[in-house]
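S.K.: just need the structure, nothing else, for what follows:
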Amino acid sequence: MKLAKPITVRGAAIAQGRVPAICTPFVGRTANEILAELATVLRKSPDIVEWRVDHFADIGDTDAVIDVARRIKSQAPEMPLVFTRRSEREGGAKTSLVGDEAVDLYEAVCAARCIDLADWEMAHGPASMTRVREAAHANDVALIASYHDFAATPANAVLLEKFAQAARDGADVAKVAVMPSDPSDVLRLLDATWQAHRSLPIPLISMAMGPLGTLSRIAGAAFGSALTFAVGAASSAPGQLGIDDLRAALDIMQRASGGSR
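M.R.: Okay, here's the model as predicted:
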């Protein structure tokens, strides 16, 4: 599966350019829980990891967040780290950190240079996106501009606009995740991914969530999605497969298509 554009960090392609790269999240509430999850995840050899900081009990303590991020990097120095504070409206954990406080946290974490990629939701608006983008790029952090709909799959035109908006916002990666209600929604998401892949210069991440969306997590790279998420220790979204099952499915697809990961 070489159709997707690989994601790069500081000039180097994640997973040596193999697509889809496999990302595993961790969602612990304490530093000890997070580091225990990390240890479990690393034994399964993902290509990249994501810290869902919205689950962290001390998210309001910037110094504590930076300390945990540094400890993650010290235990996995070669593993790219995505920093994500998912909002409750887009499927994240409930947290008191909102608005400018969340932007301030991203700016501080980027300035500390303890992460490799920052995921910021486009729904927060252009002003916050500009601040996060400038903080990320000033510190060699790649920016993922993301959109999540946990209730439905929007029309094709809306999906294409979300991908395009991420590119216009100056993001390094565009991410779109939706909830299908029937198989046609999954096909529509894959078609929109393919169209965006052909028209946009940046790498894409896309998936349909839930059981119906499993196909998109396995076959997404053939339509232009450069990364897929898998469970290493705990799931961060509905429909994520275990990393071993996902890797086995990807290997079967690669062999069937005459390629290799």
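S.K.: list the residues that contact residue 247.
M.R.: For residue 247, the residues meeting the contact criterion (C-beta atoms under 8 Å, 6 or more residues apart in numbering) are 22, 230. Backbone N, C-alpha and C define where each C-beta goes, glycine included.
S.K.: what is the three-state secondary structure of it?
M.R.: Here residue 247 is helix, with the state taken from DSSP: H, G, I helix; E, B strand; the rest coil.
S.K.: any idea how far residue 230 is from it?
M.R.: Remark: distance between residue 247 and residue 230 (C-beta to C-beta, to the nearest Å) = 8 Å.
S.K.: likewise residue 178?
M.R.: For residue 178, the distance to residue 230 (C-beta to C-beta) stands at 19 Å.
S.K.: what about the two, which has more around it?
M.R.: residue 178 (28 against 23; other C-beta atoms under 10 Å).
S.K.: I'd say the more buried one and residue 186 touch.
M.R.: No: contact criterion C-beta atoms under 8 Å: residue 178 and residue 186 do not qualify, at 9.0 Å.
S.K.: what touches both of these two?
M.R.: Counting by C-beta under 8 Å, 6+ apart, the residues touching both residue 178 and residue 186 are 153, 208.
S.K.: list residues touching both of residue 247 and residue 230?
M.R.: residue 22.
S.K.: what are the boundaries of the strands in the chain?
M.R.: With DSSP state E as the criterion, the chain has strands at 8-9, 12-13, 21-26, 48-52, 81-84, 117-121, 142-149, 173-178, 204-208, 227-231, 241-242.
S.K.: which helices and strands sit right next to the fourth one?
M.R.: Strand 48-52 makes packing contacts with strand 21-26, helix 31-42, helix 62-75, strand 81-84 when contacts are defined by 3 or more C-beta pairs under 8 Å, 6 or more residues apart in numbering; DSSP states H and E.
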